[in-house]
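In: I would like to see how this sequence folds:
(2 chains)
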Amino acid sequence: QGKFTLLRDTRTDGSFLVHHFLSFYLRAGCKVCFVALLQSFSHYNIVAQKLGVSLTAAKERGQLVFLEGLKSCLDLMFGEEEEQPGQPSPLQFISESASNLKALFDFVRTSLTPEGSDSWKSPVLLVDDLGVLLSLGARPVAVLDFIHYCRVVVCSQLKGNVVVLVHSNEDSEDEENELVVNSMCHHSDLILWVEGLATGFCKDVHGQIKIIQRLSLELTGEQDRVQIYQYKIQDKNVTFFARGLSAAVL
Amino acid sequence: LVFTEEDKYNRYSSLLFKYFLAEGVVCGHDLFVASAKEHPEKILKELPAPLLDDTCRNELGEAATSVKSEDFQDSMKIAWRYQNLPKMEASPTTSTKFGHYYDVSKTMSPELFQSVKWHSFYLHEESSSQSKMKSCNMNSAYARLLHSIQKIIYQEGFDGSDPQKKQKNILRIGIQSLGSVLWGEDICSSDTPEDIHSLTKFLYVLRGLLRKSLSACIITVPAHLIQNKAIMERVTNLSDTVVGLESFIGSERETNPLYKDYHGLVHVRQIPRLNSLICDISDTKDLAFRLKRKLFTIE
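Out: Coordinates of the predicted model:
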């Protein structure tokens, strides 16, 4: 509890981890706020169903608060002026020149602060993916501030967890993105780093995952603990195995 | 959202662009063509003629590029189609036949074309008096294009807003040379552009429109002119499929004996992983293209 997990992918698509955490926390009975910036609700729902969870049902019972970024942006661009006078759009920063993400933060805070009748376990904030905010005009500092405030509320105050996906490429020229990714790495309790194989595409091994437990942050003199596995993604499941031990090889 | 990086002289990518639109005509889809360079009407007059005769196809005997349509699973919400390059079987007579073949040496007959409903956006003919239009701080040409697309989607019912609508149809959108100077952008002419966010904002809104309607879109971009590579990385993340065409014209590869039968390379930079944990990765990753008199082939 109270942990910040960073999902990071390089040369491959790490979104399967997002699907995993989403269904994992919903099944565990946590209240989840999902800031889904890149794909539609339908997409996540269809995959979640394969993993045994219905997002529609979770939304209806108030367990899942789903921010569909694409839809919010359409409302911002094509919506009527007097939409909801008291409630600014969470993605308001797109149409303002001051790129502060306060509206987005307020949305997260309101979604996860428990109401009297709630009986959910600890809250979870899930973000897919953070880089989209930069593409929409937010400055890196604004993004880092946003994450910081979310941590304070979700991890420290509400004793919940935060899971965020970022993309990074080696030799990337996107300095703003690299800045955000590096900063997030320093402050994460757990990093799940998914990488495409250096040797190129392989049918039986889709990539490698590095699990880094940031024990060094606990100031007990311990080093970070790193474990590396390889994985293969299937229709309803992901299998993990030790390096070089994929079923195709054995 | 299919994003195509143009080859240097835009010779082959414009061909791919026309294939996408031609397939739309043959399938009876509606078309929306946007350009800041050529008048959309002119583009539509140059679509390749389809090969509708079986014997004709067998004669040619090689794998021809075809623009494929896939069955869509969820018609109201997701409703999009993506363009897939063909699998590498040599013969075109495989059991799963997608799409149609085209003869590049002939243009599509006006009769075939007449049956199709099309819309266009030619930047220089659009009025700029839309001061009340929301633009989310985006380049005004892009904002105008988005409003134009949204209007057609809404008016023609591609977003399901009209339940009375007789038959659901697909809207195929083609946007040519986005990001070029002609759209009022400076990302192709400067390595420290003033506004690096317009293009990505545009793509994000467009992505939202596509997800909410029965439409698919191909965009071509003169990627080789964009100095700021960070923009290309972001654009790739915001697209579903990304394909790059590299022509051999004027490059040292032109004289490389390995490539003597081909005119260029096809780089599939990204394929979508939608509604599923897995994606459709083809076995072959090194693709090259060639343009013969009648056929454009990718092998």
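In: When you work out contacts or count neighbours from here on, use the C-alpha atoms and nothing else.
Out: Fine.
In: any idea where the strands of the chain begin and end?
Out: You didn't say which chain, so I picked chain A. Using DSSP state E, the strands of chain A run over residues A:4-10, A:30-36, A:64-68, A:121-128, A:161-167, A:190-195, A:207-213, A:225-233, A:238-241.
In: try again with chain B
Out: B:2-5, B:30-35, B:48-51, B:101-107, B:118-122, B:171-175, B:215-221, B:241-247, B:264-270, B:287-291, B:296-298.
In: Would you tell me which residues of the stretch 101-250 of chain B are close to chain A?
Out: The stretch 101-250 of chain B comes close to chain A at residues B:134-137, B:147, B:197, B:200-201, B:204-205, B:207-209, B:211, B:228-231, B:233-234, B:238, as judged by Cα under 8 Å from any Cα of the partner chain.
In: all helices of the chain, in order?
Out: Here I'm looking at chain A. A:15-27, A:41-50, A:55-60, A:69-78, A:102-112, A:131-135, A:140-150, A:175-187 (DSSP state H).
In: if you could check chain B rather than the one you did, that'd help
Out: B:12-27, B:40-45, B:54-60, B:110-114, B:140-155, B:198-211, B:229-238.
In: Now for the residue nearest to B:S177 when sequence neighbours are not counted: which residues touch it?
Out: Spatial nearest neighbour of B:S177, excluding adjacent residues (Cα to Cα, 6 or more residues apart in numbering or on different chains): B:V221 at 4.6 Å. Counting by Cα atoms under 8 Å, 6 or more residues apart in numbering or on different chains, B:V221 touches B:3-6, B:176-180.
In: ok, now B:Q227?
Out: B:187-191.
In: for those, which one is nearest chain A?
Out: B:D191 (12.2 Å; Cα to the nearest Cα).
In: Below-threshold pLDDT in the stretch 1-150 of chain B: ranges please.
Out: Scanning the stretch 1-150 of chain B for pLDDT under 70 picks out B:52-98, B:128-132.
In: and the residue of it nearest chain A?
Out: For the stretch 1-150 of chain B, Cα to the nearest Cα, closest residue to chain A: B:C136, 3.9 Å.
In: and the closest residue to that residue other than its chain neighbours, how far is that from B:L210?
Out: Spatially, and ignoring its direct neighbours in sequence, B:C136 is nearest to A:S95 (3.9 Å; Cα to Cα, 6+ apart). Distance, A:S95 to B:L210, by Cα to Cα, to the nearest Å: 21 Å.
In: Repeat that for A:E218.
Out: Counting by Cα to Cα, the gap from A:E218 to B:L210 is 46 Å.
In: cool, and A:V180?
Out: From A:V180 over to B:L210 (counting by Cα to Cα), the distance is 29 Å.
In: Next, the buried residues of stretch A:176-185.
Out: Under the neighbour-count criterion of 16 or more other Cα atoms under 10 Å in any protein chain shown, stretch A:176-185 has A:177-178, A:180-181, A:184-185 buried.
In: Tabulate those (a markdown table), appending pLDDT.
Out: Below are the buried residues of stretch A:176-185 laid out as a markdown table (pLDDT from 0 to 100):
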| residue | pLDDT |
| --- | --- |
| A:N177 | 95 |
| A:E178 | 95 |
| A:V180 | 96 |
| A:V181 | 96 |
| A:M184 | 94 |
| A:C185 | 93 |
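In: Is it possible to get the residues you listed out as TSV so that each row also shows distance to chain B?
Out: Shown next, in TSV, are the buried residues of stretch A:176-185 (distance: Cα to the nearest Cα, whole Å):
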residue	distance to chain B
A:N177	9
A:E178	10
A:V180	14
A:V181	14
A:M184	19
A:C185	20
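In: okay, now the domains of chain A?
Out: Per the record, chain A has its domains at A:11-76+A:88-189, A:196-249, by the TED database.
In: Tell me the gap between the first one and the middle of its chain.
Out: Put plainly, it is domain A:11-76+A:88-189. Centroid displacement of domain A:11-76+A:88-189 relative to its chain, using Cα atoms, centre = their mean, to the nearest Å, is 5 Å.
In: and the end-to-end length of it?
Out: Span of domain A:11-76+A:88-189 from end to end, Cα to Cα: 23 Å.
In: So which bits of chain A are right by chain B?
Out: So far as Cα under 8 Å from any Cα goes, chain A lies against chain B at A:16, A:38, A:40, A:42-44, A:46-47, A:70-71, A:73-74, A:76-78, A:94-97, A:132, A:135-137, A:172-175, A:233-236.
In: Let's see the PyMOL selection covering just the buried ones among those residues.
Out: With 16+ other Cα under 10 Å as the criterion, this PyMOL line picks the buried residues out of those:
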select buried, chain A and resi 16+38+40+42+43+44+46+47+70+71+73+74+76+77+78+94+95+132+135+136+137+174+233
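In: one step back: right, so of the strands of chain B, which gets closest to A:Q63?
Out: strand B:215-221 (32.4 Å; Cα to Cα).
In: Could you identify the buried members of the residues of the stretch 101-250 of chain B next to chain A?
Out: Of these, these count as buried by 16+ other Cα under 10 Å: B:134-137, B:147, B:197, B:200-201, B:204-205, B:207-209, B:211, B:228-231, B:233-234, B:238.
In: Look up the residues forming beta bridges with the residue nearest the centre of chain B.
Out: The centroid of chain B falls nearest to B:I218 when counting by Cα atoms, centre = their mean (2.3 Å). For B:I218, the beta-bridge partners are B:V2, B:G174 (DSSP bridges).
In: Next, find the distance separating it from chain A.
Out: In this structure, B:I218 and chain A are 18 Å apart, going by Cα to the nearest Cα, to the nearest Å.
In: hey, which of the helices of chain B is tucked in deepest?
Out: Compared across these, helix B:198-211 shows the largest average neighbour count, a mean of 24 (mean count of other Cα atoms under 10 Å in any protein chain shown).
In: related to what we said a few turns ago, take the strands of chain B and write them to TSV, including distance to B:E254.
Out: Conversion of these to TSV gives the following (distance: least, Cα to Cα, whole Å):
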stretch	distance to B:E254
strand B:2-5	20
strand B:30-35	30
strand B:48-51	26
strand B:101-107	23
strand B:118-122	35
strand B:171-175	29
strand B:215-221	23
strand B:241-247	9
strand B:264-270	9
strand B:287-291	12
strand B:296-298	17
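In: so which of those strands gets nearest A:L7?
Out: It is, among those and with distance given as Cα to Cα, strand B:264-270, at 19.9 Å.
In: That closest one - which strands sit beside it in the sheet, and in what orientation?
Out: Strand B:264-270 has these strand partners (DSSP bridges): strand B:241-247 (antiparallel), strand B:287-291 (antiparallel).
In: Now do the buried residues in it.
Out: B:264-268, B:270.
In: Put together CSV for those residues, with pLDDT on each row.
Out: Formatted as CSV, these follow (pLDDT from 0 to 100):
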residue, pLDDT
B:G264, 84
B:L265, 83
B:V266, 83
B:H267, 83
B:V268, 82
B:Q270, 83
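In: Turn those into CSV, columns for distance to B:S115.
Out: Formatted as CSV, the buried residues of strand B:264-270 follow (distance: Cα to Cα, whole Å):
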residue, distance to B:S115
B:G264, 35
B:L265, 35
B:V266, 33
B:H267, 35
B:V268, 33
B:Q270, 34
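In: Surely A:R109 and A:C155 touch.
Out: No. Using Cα atoms under 8 Å, A:R109 is not in contact with A:C155, being 11.5 Å away.
In: Of the two, which one has the most company?
Out: A:C155 (21 against 18; other Cα atoms under 10 Å in any protein chain shown).
In: If you drop the residues flanking it in sequence, what lies closest to that one?
Out: A:G2 (4.0 Å).
In: Would you list the phi and psi of that neighbour?
Out: phi 70, psi 30 (degrees, to the nearest 10).
In: residues near it, how many?
Out: 20.
In: I'd say it and A:V152 touch.
Out: No. Checked against Cα under 8 Å, the pair A:G2 and A:V152 is beyond contact range at 9.5 Å.
In: before we move on, back to that, which one of the strands of chain B lies closest to B:D159?
Out: Per Cα to Cα, nearest to B:D159 of these: strand B:215-221, 8.7 Å.
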